[in-house]
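*Asks:* Next comes the sequence, and after it the predicted model I'd like to discuss.
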Amino acid sequence: MSTIMNIVEKFEESRDSAAPTSTDSDQGYQTVGEYSVAKPRICCRGVNVFYGEKQALFDINLDIGQREVIALIGPSGCGKSTFLRCLNRMNDIIEGCRVEGDIRLDGQDIYSKELDPVVLRARVGMVFQKPNPFPKSIYDNVAYGPRIHGLASNRTELDDIVETSLKRAGLWKEVRDRLDHPATGLSGGQQQRLCIARTIAVGPEVVLMDEPCSALDPIATATIEQLIDELRERYTIVIVTHSMQQAARVSQRTAYFHLGKLIEVGDTSRIFTNPRHPLTEDYITGRFG
Amino acid sequence: MQPDTLIWTLSALCAIAFYLGRHRAVQASGGHIRNLHSLPAYYGYYLALCCGLPALLVLCLWLLFDDKLILQLILGQLPEFWRNLPEDRLSLVVNQIHNLIAGEAGIQEVDPAIRAAADHYQRLKTTGYRILAILTLTVATAGLVYGYRRIAPDMRARNTVEKSLRYALILSSTLAIFVTIGIVLSVLFESLRFFSKVPVTEFLFGLKWSPQMAIRPDQVGASGAFGFIPLLTGTLLISGIAMAVATPIGLLSAIYLSEYAKSHTRSIVKPLIEVLAGIPTVVYGFFAALVVAPLLRDFGVQLGLTVSAESALAAGTVMGVMIIPFVSSLTDDALTAVPRSLREGAYGLGATQAETITGVVLPAALPGIVSGLLLAVSRAIGETMIVVMAAGMTAKLTLNPLESVTTITVQIVALLVGDQEFDSPKTLAAFALGLTLFLITLALNLVALHVVRRYREQYE
């Protein structure tokens, strides 16, 4: 009899940890690992996100340091993309989405009324899951951002920005002779690098990447990963990825999300070799997700 | 048995065949449907097809040709005098016979020979139906027996049924195409007859349209002028005004609905705009004639302008209102088809909503918008009722929107209303106008299709 009770207890324990109930969420969850850094670029405290009635993120605390690559991992629907989109207020354009809490970029509240999301998005650029070049020429794609923000006062300056951005994105050699060709004619990997070039042409401080390689083949993925490593010298990068190998390869810190909570965060090498939370360990060892 | 009773009998027979076939298949399977190649119902359909299809074919062929055959028989038995009549007189005789049968001959005296022929016709017809009934039912039964014997567990009934289904689909689509071709050809040939009386060059380049022809040689009247240019300018003028009204309003409302409006607003406003599309054009017509035209005239008087009571402006404006939902919903479709990822890409670069729309969404949706506009133009060009009521009938070669003009469609109506000779240039001119109208709208639709195809892949 006592053994049966033991099993039931264990079962309920494991269920609780795998699928936290609503009472659990109201109290908040204490993230395992060090979520704050010494000199943060972005500082998030107590972030809650709701889609209509449904809560998607629960009380997230996380700092993002200067010139680091931080990877957000976790199973589908765990809220990592939602969190990423909070950082440049992309959730604003989703009907019924509500963000609570405090998110600061260089100490400035990005959800304050004085801050124009347009300016914020120029400082915090974003690269999407599927390459989404505009149906324009390669040149116009990269020049789009600088044009709307008035970053160049004449054609020569604009040419310079386009060239520098394409060089930084490692695409210049491949497209320098056909800048006036439609961007949609490029291959998937080239399109994604064009999107990166387009993002850095605006001169952001932070680049958000939402599964930037999930639509690409391994070779294009390798190129992008190398690129991310180079970009780290100038930009802070937050990358959402489904591939744990990718997280291990490109990032310095890793944050593990589960069902809208930030379960564990820490140095990538530590997370992958010595996860402290059982959920993190299960995910990393491939037991689920 | 009358043909309609026969068709009902045949249908009943097919229904019986269906149940019979299904039952037979189940029986043949030995109680295990799994042993059958196809599901039992397919054997039912198979047997129904075997029974009904050949019989239906016989029936159709008979009904197509029996009248001609019987007439030949009767005419062959008419006295020498009748048989040697010329073609057109003979058809009169045939008409007379038909009238007698229908009992519409009236009280006038009828030649006994013809009366006899009519009686003979009716006898033949009755016998014919009797033969037809026997023939059809025999064929149906034969088909039933043949199919019933062929049903076996390994027979591929499904394949046969599905193949005949495909033929039925092909038949339907060919029918639609042939009807279209038939209409085009008939318009074409009548137009050719017109062009044999009036030179093509006069029609295409003539600057005067006055289709009044003298019916009798001694009648005082114009000899008719068939210059098509005034109608074309009138049509283009009115369509141009309509598009000038509909394009901005339709486009802007579509942009508002698809980009700015909340889903709640959208769910209310969109159906309201589409109500406009449901208003009959004749209602628009009297709205134009009774409300808009007098309004414009009064307004013109205040400005010191002479505005005709029936003006192109009134008709064009109302027509523009009519095609607003058309433009709006096609544009809306084109805008919503632009992937969300493109919008997010622009927002992610720090573009404002207006910048995103003008710089990214509109260019990406442009092919769809352009083709929608072209479809709207062909709709405007083909519109009749509003113009008849509000723009007048006089063919004036003018570009002044305040005067009354007329359009191609209105003139087609005018030409065919009332008593007409079927071979006078006046009547035939309608066909030539119809052909021209058809060619114009066809060209517009082709251009629209081409635009869509050419640029469609750009954002996929």
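*Replies:* Yep, that arrived. Numbering: from 1, shown residues only, chains lettered A, B, ... in the order given.
*Asks:* On the three-state scheme, B:L144 is what?
*Replies:* State at B:L144, reduced to three classes by DSSP: H, G, I helix; E, B strand; the rest coil: helix.
*Asks:* pLDDT at it, what is it?
*Replies:* For B:L144, the pLDDT comes out at 92.
*Asks:* mind checking how far B:G227 is from B:K208?
*Replies:* 5 Å (Cβ to Cβ, to the nearest Å). Where C-beta positions appear, they are placed from N, C-alpha and C, glycine not excepted.
*Asks:* higher neighbour count, the two?
*Replies:* Remark: of B:G227 and B:K208, B:G227 carries more neighbours, 19 against 14, as counted by other Cβ atoms under 10 Å in any protein chain shown.
*Asks:* tell me which residues of the helix or strand containing A:V175 are tucked away?
*Replies:* Using DSSP states H and E, A:V175 sits in helix A:172-175. Judged by neighbour count using 16 or more other Cβ atoms under 10 Å in any protein chain shown, the buried positions of helix A:172-175 are A:W172, A:E174, A:V175.
*Asks:* and those residues as TSV, adding distance to A:V162?
*Replies:* Listed next are the buried residues of helix A:172-175 as TSV, based on distance: Cβ to Cβ, whole Å:
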residue	distance to A:V162
A:W172	9
A:E174	14
A:V175	10
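*Asks:* pLDDT on the helix holding A:V175, on average?
*Replies:* In this model, helix A:172-175 has a mean pLDDT of 92.
*Asks:* what does stretch B:3-14 give?
*Replies:* On average, stretch B:3-14 scores 90.
*Asks:* As CSV, could you dump the C-alpha coordinates of that stretch?
*Replies:* The C-alpha coordinates for stretch B:3-14 follow below in CSV (Å, rounded to 0.1, in the frame of the first residue of the first chain):
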residue,chain,number,x,y,z
PRO,B,3,-40.8,10.9,-73.2
ASP,B,4,-41.2,12.4,-69.7
THR,B,5,-42.8,9.2,-68.3
LEU,B,6,-40.1,7.3,-70.0
ILE,B,7,-37.4,9.3,-68.3
TRP,B,8,-39.0,8.7,-65.0
THR,B,9,-39.2,5.0,-65.7
LEU,B,10,-35.6,4.9,-66.7
SER,B,11,-34.6,6.7,-63.5
ALA,B,12,-36.5,4.2,-61.4
LEU,B,13,-34.8,1.4,-63.3
CYS,B,14,-31.4,2.9,-62.5
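*Asks:* what separates B:N35 from B:A25, distance-wise?
*Replies:* For B:N35, the distance to B:A25 - Cβ to Cβ - is 10 Å.
*Asks:* okay, these two: which has more neighbours?
*Replies:* A count of neighbours by other Cβ under 10 Å puts B:A25 above the other of B:N35 and B:A25, at 27 against 12.
*Asks:* Can you give me every residue that contacts that one?
*Replies:* B:A25 makes contacts with B:L36, B:P40, B:Y43, B:G44, B:I151, B:P153, B:A157, as judged by Cβ atoms under 8 Å, 6 or more residues apart in numbering or on different chains.
*Asks:* neighbours of the first one, just the number please.
*Replies:* Meaning B:L36. For B:L36, the count of nearby residues is 22 (other Cβ under 10 Å).
*Asks:* Same check on the third one?
*Replies:* Each residue near B:Y43 was counted by other Cβ under 10 Å, and the total is 33.
*Asks:* Now do the closest residue to it other than its chain neighbours against chain A, distance only.
*Replies:* Distances taken as Cβ to Cβ, 6 or more residues apart in numbering or on different chains place B:A25 nearest to B:Y43, at 3.5 Å, with adjacent residues excluded. From B:A25 across to chain A, the span is 48 Å (Cβ to the nearest Cβ, to the nearest Å).
*Asks:* What is the three-state secondary structure of B:A25?
*Replies:* B:A25 ends up helix, using three-state DSSP.
*Asks:* residues from the stretch 51-200 of chain A in reach of chain B?
*Replies:* Within reach of chain B by Cβ under 8 Å from any Cβ of the partner chain, the stretch 51-200 of chain A has these residues: A:88, A:90, A:93, A:95, A:118-122, A:125-128, A:130, A:132-136, A:144-145, A:148-149, A:182, A:184, A:195, A:198-199.
*Asks:* from the residues you listed, which ones fall inside strands?
*Replies:* Counted as lying in strands by DSSP state E, out of these, are A:G125, A:M126, A:V127.
*Asks:* Give the other helices and strands that the helix holding A:V175 contacts.
*Replies:* Applying 3 or more Cβ pairs under 8 Å, 6 or more residues apart in numbering or on different chains; DSSP states H and E, one finds that helix A:172-175 contacts helix A:155-168, helix A:188-200.
*Asks:* Show me which residues of the stretch 201-350 of chain B are close to chain A?
*Replies:* The stretch 201-350 of chain B comes close to chain A at residues B:262-263, B:339, B:341-350, as judged by Cβ under 8 Å from any Cβ.
*Asks:* try it again with 6 Å
*Replies:* Proximity of the stretch 201-350 of chain B to chain A (Cβ under 6 Å from any Cβ of the partner chain) is limited to residues B:S341, B:L342, B:G345, B:Y347, B:G348, B:L349, B:G350.
*Asks:* residues contacting the last one?
*Replies:* Think B:G350. Residues near B:G350 by Cβ atoms under 6 Å, 6 or more residues apart in numbering or on different chains: A:V118, A:R121, A:A122.
*Asks:* Out of the residues you listed, list just those in helices.
*Replies:* Judged by DSSP state H, helices contain the following of the contacts of B:G350: A:V118, A:R121, A:A122.
*Asks:* which SS state does the closest residue in space to B:M155 that isn't next to it in sequence fall under?
*Replies:* Nearest non-adjacent residue to B:M155, counting by Cβ to Cβ, 6+ apart: B:H37, 6.3 Å away. At B:H37 the chain is in coil, as set by three-state DSSP.
*Asks:* ok, now how distant is B:H37 from chain A?
*Replies:* On the measure of Cβ to the nearest Cβ, B:H37 and chain A end up 44 Å apart.
*Asks:* go on, B:T160?
*Replies:* For B:T160, the distance to chain A - Cβ to the nearest Cβ - is 46 Å.
*Asks:* pLDDT value on B:A222, please?
*Replies:* 53.
*Asks:* coming back round to it: from the residues of the stretch 201-350 of chain B next to chain A, which is closest to B:P325?
*Replies:* B:L342 (26.3 Å; Cβ to Cβ).
*Asks:* Tell me which helix or strand that closest one sits in.
*Replies:* Secondary-structure assignment from DSSP H and E places B:L342 in helix B:340-348.
*Asks:* Pull the distance from the helix or strand just after that helix to the chain's centre.
*Replies:* Following helix B:340-348 in sequence order, the next helix or strand is helix B:353-356 (DSSP H and E). A distance of 43 Å separates the centroid of the chain from that of helix B:353-356, by Cα atoms, centre = their mean, to the nearest Å.
*Asks:* Same question for stretch A:101-113.
*Replies:* Taking Cα atoms, centre = their mean, one finds the center of stretch A:101-113 at 17 Å from the center of the full chain.
*Asks:* Stretch A:276-289 now?
*Replies:* With Cα atoms, centre = their mean as the basis, stretch A:276-289 stands 21 Å off its chain's centre.
*Asks:* Dump the C-alpha coordinates for it into PDB.
*Replies:* These are the backbone C-alpha positions of stretch A:276-289, laid out as PDB (Å, rounded to 0.1, in the frame of the first residue of the first chain):
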ATOM      1  CA  ARG A 276      21.100  22.300 -12.400                       C
ATOM      2  CA  HIS A 277      17.300  22.200 -13.000                       C
ATOM      3  CA  PRO A 278      15.900  18.700 -13.900                       C
ATOM      4  CA  LEU A 279      13.800  20.200 -16.700                       C
ATOM      5  CA  THR A 280      16.900  21.800 -18.300                       C
ATOM      6  CA  GLU A 281      18.700  18.500 -18.000                       C
ATOM      7  CA  ASP A 282      15.800  16.600 -19.600                       C
ATOM      8  CA  TYR A 283      15.600  19.000 -22.500                       C
ATOM      9  CA  ILE A 284      19.400  19.200 -23.200                       C
ATOM     10  CA  THR A 285      19.800  15.400 -23.000                       C
ATOM     11  CA  GLY A 286      17.000  15.100 -25.500                       C
ATOM     12  CA  ARG A 287      14.500  13.400 -23.200                       C
ATOM     13  CA  PHE A 288      11.700  15.700 -24.600                       C
ATOM     14  CA  GLY A 289      11.100  18.800 -26.700                       C
END
